[in-house]
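Student: this one's sequence-less:
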């Protein structure tokens, strides 16, 4: 039943951005590499499909200042970068469904709530600066002992401010504030540099996009790797001993290597059977809850109405929308995110119900044209067996403290990659690139 | 590769107490049942081994008033019940290693700390009464938005009281208070009746033991089931359609049935591939961290010194010890629990180190005789691939709210059992028995 193939230097498990970068970097150094991917396509959370002749990103798509490694990778691969469309007014939908236009990042919430949110933002930034991104658990028992919700309850003084922070949490982490350790929120902000770097378009992590989509970066890397990639090969078992590793896929096929890099989302890594068992449990991290909708139109009609296409919705189920039209502006594309508890509620409805609810909501935000798109694509990341959620893994209270250094440290010949292992830009495409580079360098050093 | 066997009425996955009870109850009603077990033995978290001719419980072993279903089951199977040994003084080891004798459940902590703990206990009991054990998430957003740690920080006024609550959390839930939703702690107390029911020996959940061990109950049930049990059959995949289910084990063998009852710990249920995917994620619940030590001696020598064998240790790594000698008293047996963060720290040491540390600690508590046992058995439940932790699954903040009714509701032909699905005595052997009975009744109703 078990077919053994000749040994390679390194097997990389998972052809998302981290695994692709890691494998290609090792190949560039003359190492023999095998990249095993569970799906029938590469890209992981940077997935894409063709709609009306344009590649549409179903997953990660934005990049911004400070994310040097993804910019460098795009330049090396000849993928042009262009700014996210932000001209015109943004829209805030209040809890009662009223629409208010605003510019910049913080909507008109009323003066007291605004002050409250500004105070909370500067406190979060200040607390985040106390976190060591290389060892977030160090000296942070108090922050890791509580939820972001507890912190919001204690810190914010207005109900409007509190509700806005809940929406911000859904938009940023795709979860409810009760599901997140305060420490993880602080680490995440530190890993990005500041809360503004997380939330902003211009000057922040949503500033730019990649022509042809982030998925185009993944496919170009895959072209370089060619026959080193094996698709449809979900890994179920990794055995290691003093001389090497044996990696076994679902159909019983096995491969040998000197080292293995596991570059899959945390819940999937936890489902691989390791022999001998890992010295410390890397189990049991939930992922955020995200349904991403992509609607296509003959033109970005909202721009003519003076709107940017960005909306923040306190009423739900949409948390936010962004203009994701192609650079040319020939067609109009909106993306809408339903995140956290509303994503779970919506997922329980029928496909027809979900479509109706989404189009109603878009129509309310941007007018009747928005409710009759030429194309409608839905991606529920929590239903993807080979991802299990997005944008990234959530550390509940106590988890950073429990996992500690074991989270990133190699276990013998088993190394870890993926955005969740990066101290810089955790949860972003850039963090995935960095983690792939770091794992490649660490393995290369062990091989030489 | 896939071998189909003739269809049965019901397949039960997991031969722990819940699965055994469920299968036997269905068999008793004339249903054809197949019970699939991953290990080479039954019992799950009620595991046992023979030491010097006596069965020693490596897992769950105590029962108490209100746990009517396990008492009834023991009576039906002819397994006698006897009281846990509690005569003599208990020992408190302070954080500096000082030993203080005490009687009853609460040690001498100093008057202010004692008052503080008593106040916290009555508050927890009062809050627990507001929880609906059938639907713990209902109306409990505030309790599910915070950790038990946040509640301790806010409620306790003395550092001694706080430290005692941390120890109590480790002893009761095998975790740090930062890892637990306040709501889960409240639900757990409600499910047992009161905090005293959870903590007490006499009158509480540690009042009695089963002659021959809880494992003996499991083996007697297994005898009745005979050839209906298939050992060494870890289930990897469950498919359902309108007419039935197909359950596939790791080696590719498949069985068909009209219904399936999944009676394995939550992290293992999350690792089964369900097709079609479950309507709601039942993923990602961590388990407590427990290493249980069982040391055997020629006699229960501590009894002669006026000690009960029960100790609570604030210094660690042991959280508590209990006299677990056989009813006859012919031999002496102590059990010691290392729980929560100390369990994870200890697990990282070598086997020799662990043994040395444990025996030193026992010697400090009960004198030099305790440090030179005739037998020494260690069971790290977190290293058991087919359990993944103990005593039970931990709901972090937000989890009860997220999972809601989906936690216990059947998904088509897939039903759930296991102590974690029981509204009464969650986490106890009795909860497992109740869940097995309830699942059997629900499936029987669907079959008829």
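Tutor: Alright, I've got the coordinates. Given the structure is predicted, the values throughout are model-derived calculations rather than measurements.
Student: tell me which residues of stretch A:438-448 come out buried.
Tutor: A:438, A:439, A:440, A:442, A:443, A:444 (16 or more other CB atoms under 10 Å in any protein chain shown). (Each C-beta comes from the backbone N, C-alpha and C, glycine too.)
Student: who's in contact with that stretch?
Tutor: A:9-10, A:18, A:21-23, A:25-26, A:29, A:31, A:258-259, A:261, A:263, A:410, A:415-417, A:421-422 (CB atoms under 8 Å, 6 or more residues apart in numbering or on different chains).
Student: from the chain's centroid, how far away is that stretch?
Tutor: Put simply, stretch A:438-448 sits 25 Å off its chain's centre (CA atoms, centre = their mean, to the nearest Å).
Student: in a strand, residue A:55, correct?
Tutor: Yes. When classified by DSSP: H, G, I helix; E, B strand; the rest coil, residue A:55 is found to be part of a strand.
Student: how about it, what does it touch?
Tutor: A:48, A:49, A:212, A:213, A:215, A:216.
Student: what do you get for residue A:82?
Tutor: So residue A:82 contacts A:208, A:209, A:211, A:327 (CB under 8 Å, 6+ apart).
Student: wait, doesn't the last one sit right on residue A:211?
Tutor: Pointing back at residue A:327 there. Yes. Between residue A:327 and residue A:211 there is a contact at 5.8 Å, judged by CB atoms under 8 Å.
Student: looking at the buried residues of stretch A:438-448, which is nearest chain B?
Tutor: Among these, residue A:442 lies closest to chain B (CB to the nearest CB), at 21.2 Å.
Student: quick check: phi and psi on the closest one?
Tutor: Per-residue torsions, residue A:442: phi -70, psi -40 (degrees, to the nearest 10).
Student: buried subset of the contacts of stretch A:438-448, written for PyMOL?
Tutor: In PyMOL, a selection of the buried entries from those looks like this (16+ other CB under 10 Å):
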select buried, chain A and resi 9+10+18+21+22+23+25+26+31+258+259+261+263+410+415+416+417+421+422
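Student: now, which of the contacts of stretch A:438-448 lie close to chain B?
Tutor: Taking CB under 8 Å from any CB of the partner chain as the test, chain B is in contact with none of the contacts of stretch A:438-448.
Student: what's the local residue count around residue A:45?
Tutor: Summarising burial for residue A:45: neighbours were counted as other CB atoms under 10 Å in any protein chain shown, giving 27.
Student: is the closest residue in space to it that isn't next to it in sequence in a helix, a strand, or coil?
Tutor: Among residues not flanking residue A:45 along the chain, residue A:59 sits closest, at 4.4 Å (CB to CB, 6 or more residues apart in numbering or on different chains). Assigned with three-state DSSP, residue A:59 falls in the coil class.
Student: so residue A:59 touches residue A:47, yeah?
Tutor: Yes. The criterion here is CB under 8 Å, and residue A:59 meets it with residue A:47 at 4.6 Å.
Student: so which residues on the stretch 101-250 of chain A come close to chain B?
Tutor: Within reach of chain B by CB under 8 Å from any CB, the stretch 101-250 of chain A has these residues: A:141, A:144-147, A:149-150, A:153, A:175-179.
Student: which pair of those spans the longest distance?
Tutor: Between any two of those, the greatest separation by CB to CB is 23.0 Å, found for A:141 and A:176.
Student: out of the two, which sits in the busier spot?
Tutor: Using other CB under 10 Å as the criterion, residue A:141 and residue A:176 rank with residue A:176 on top: 27 against 14.
Student: one step back: turn the contacts of residue A:82 into TSV, columns for neighbour count, pLDDT and secondary structure.
Tutor: Output for the contacts of residue A:82, formatted as TSV (neighbours: other CB atoms under 10 Å in any protein chain shown; pLDDT from 0 to 100; DSSP: H, G, I helix; E, B strand; the rest coil):
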residue	neighbour count	pLDDT	secondary structure
A:208	20	98	strand
A:209	23	98	strand
A:211	15	95	coil
A:327	15	94	coil
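Student: closest one of the contacts of residue A:55 to chain B?
Tutor: Minimum distance to chain B across those is 20.3 Å, recorded for residue A:49 (CB to the nearest CB).
Student: about what we covered before: identify the contacts common to residue A:59 and residue A:47.
Tutor: Common contacts of residue A:59 and residue A:47 (CB under 8 Å, 6+ apart): A:215, A:379.
Student: ok, the closest residue to residue A:344 other than its chain neighbours - how many residues close by?
Tutor: Distances taken as CB to CB, 6+ apart put residue A:289 closest to residue A:344, at 5.6 Å, once the chain neighbours are dropped. Using other CB under 10 Å, residue A:289 has 29 neighbouring residues.
Student: and the closest residue to residue A:230 other than its chain neighbours, what is it in contact with?
Tutor: For residue A:230, ignoring the flanking residues on the chain, the nearest one in space by CB to CB, 6+ apart is residue A:36 at 5.2 Å. Counting by CB under 8 Å, 6+ apart, residue A:36 touches A:11, A:12, A:13, A:14, A:15, A:230, A:233, A:235, A:247, A:249, A:255.
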